[in-house]
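# Here is a sequence together with a model predicted from it:
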There are 2 protein chains.
Amino acid sequence: MKRLNQSQLALLGLLSFGAMSGYDLKQLSDWSVGYFWRESYGQIYPHLKRLEADGLVARKTERGTGRRDRHEYRLTAAGKQTLQRWLAKPAAEEIPRNEMLLKVFFGDLVAPEFTVEHIARQKAQSEAELTAYAAVQKRIEGEQGSPRQKQHWLMTLRYGIHIAQAQMNWCEEMLKELK
Amino acid sequence: MKRLNQSQLALLGLLSFGAMSGYDLKQLSDWSVGYFWRESYGQIYPHLKRLEADGLVARKTERGTGRRDRHEYRLTAAGKQTLQRWLAKPAAEEIPRNEMLLKVFFGDLVAPEFTVEHIARQKAQSEAELTAYAAVQKRIEGEQGSPRQKQHWLMTLRYGIHIAQAQMNWCEEMLKELK
DNA sequence: CGTAGCATGTAAGTTGTTACATGATTCG
DNA sequence: CGAATCATGTAACAACTTACATGCTACG
């Protein structure tokens, strides 16, 4: 039984909200943690198999009514324990790669308009994110779940908002400087 | 001749500052773009070989005075063109994974102290980054290079500062809320 | 009748990290 | 004399993306 990776632990976390299929996990993760954590089907399905083999999740197959069979997974006691142990450990520091910044960094090799474009595009993206976050907030409030659970969801959302706003401020500053 | 990846283009970019060895590239990238772009030797050396085979960089070997041979690479005209074409293209949107946020997101499954710890650790990290950025700024000012080049370097540095400050603000807000 | 949604999965390819291997010189 | 710095490289592994394959149902 090899050590689990972050992806697998993230799936355990999502399953803590209730039994779900691989498909459901993708849908849920896309809107709930999609702005700081992405999973693809190419990862989800193999991971679920692996987690089941390790006894961390249990599968229940529903014969499809005409359509394809649906495999619903729920967290086992062992799975929950593994998850909680992971949650208690400090997160590793990671340096995300930023292609846009790299292009600004080397921007003196091309005409200034290109740098302006990169920054303007970033600004539009951050703006779009802020709009999306407002929608997510409404969705969270509508969702069922304990107040404490919602509080944690909203905390991560606030993080996204802080970052997006900082990006916008930076973009505006830089665009002014470049003019 | 397959398409180059971002890592290889980043190396071309760094070589635009002058001829360098693989070792030099690592040192330079660590302090200059290290806060948003990392390269490891395991990537650098194979990439340089590949770039040379493609005629984008040229190698000059200096017989080592006792020590190991040193391979210095410089950007060719073709390499510079490739780099400039890449700089003109818009950057792809990327969603960096954030383990710390994931742990806050699922934080209702463990005691509140753990969430506090994650956030406190983040705060300390962002603080440390801000200190490091001040040192980088001094280093940039001391470095030789055109004013325009320095301007671009400082722009990316400002980005780092904006983000680190936003992170600190978020941490402080959240710590207050959790008390 | 075409498209979107439900639903699961695999294979190939890409990209990246880490540990290992080697070895001289310089500084404290 | 040991550690740090200069210096290059490979091998094993880990992780992730994308395209492909399949096929039903509901809706417009």
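That came in fine, so what should we check first? Numbering: from 1, shown residues only, chains lettered A, B, ... in the order given.
# secondary structure class for the residue nearest the centre of chain A?
Closest to where the C-alpha atoms of chain A average out (C-alpha atoms, centre = their mean) is residue A:37, at 2.2 Å. Put simply, residue A:37 is coil when judged by DSSP: H, G, I helix; E, B strand; the rest coil.
# isn't it right next to residue B:102, touching?
Yes. Using C-beta atoms under 8 Å, residue A:37 is in contact with residue B:102, at 5.7 Å. Any C-beta I mention is one placed from the backbone N, CA and C, and that applies to glycine too.
# Common neighbours of those two, please.
Common contacts of residue A:37 and residue B:102 (C-beta atoms under 8 Å, 6 or more residues apart in numbering or on different chains): residue A:10.
# Get me the contact residues on chain A for DNA strand C.
Selection of chain A residues close to DNA strand C by C-beta under 7 Å from any atom of the strand yields A:21-24, A:27, A:41-42, A:45-46, A:48-49, A:64, A:67-72, A:97.
# among those, which ones are buried?
Using 16 or more other C-beta atoms under 10 Å in any protein chain shown as the burial test, those include A:21-22, A:24, A:48, A:71-72, A:97 as buried.
# and the residues you listed, which two are the farthest apart?
Spanning the widest gap among those are A:72 and A:97, at 36.1 Å by C-beta to C-beta.
# Domains of chain A: list them as residue ranges, please.
With domains defined by automatic domain parsing, chain A comprises A:6-88, A:99-178.
# Let's have those in TSV, adding distance to DNA strand D and mean pLDDT.
Shown next, in TSV, are the domains of chain A (distance: least, C-beta to the nearest atom of the strand, whole Å; pLDDT from 0 to 100):
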stretch	distance to DNA strand D	mean pLDDT
domain A:6-88	2	94
domain A:99-178	13	96
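# Excluding chain neighbours, give the residue nearest to residue A:79 in space.
Leaving aside its chain neighbours, residue A:79 sits nearest to residue A:56 (3.6 Å; criterion: C-beta to C-beta, 6 or more residues apart in numbering or on different chains).
# What residues does the residue lying closest to residue A:69 once chain neighbours are set aside make contact with?
Counting by C-beta to C-beta, 6+ apart, residue A:69 lies nearest to residue A:61, which is 5.6 Å off, once chain neighbours are set aside. Going by C-beta under 8 Å, 6+ apart, residue A:61 touches A:69-72.
# tell me the strands in chain A, going along the chain?
Remark: strands assigned in chain A by DSSP state E are A:57-62, A:70-75.
# Count residues in the vicinity of residue A:77, would you?
9 (other C-beta atoms under 10 Å in any protein chain shown).
# nope, residue A:115 is what I was after
Other residues lying near residue A:115 total 23 when counted by other C-beta under 10 Å.
# so who does it touch?
With C-beta under 8 Å, 6+ apart, residue A:115 has these contacts: A:103-104, A:107, A:178, B:152.
# most surrounded residue in the residues you listed?
Going by other C-beta under 10 Å, residue A:103 tops those with 26 neighbours.
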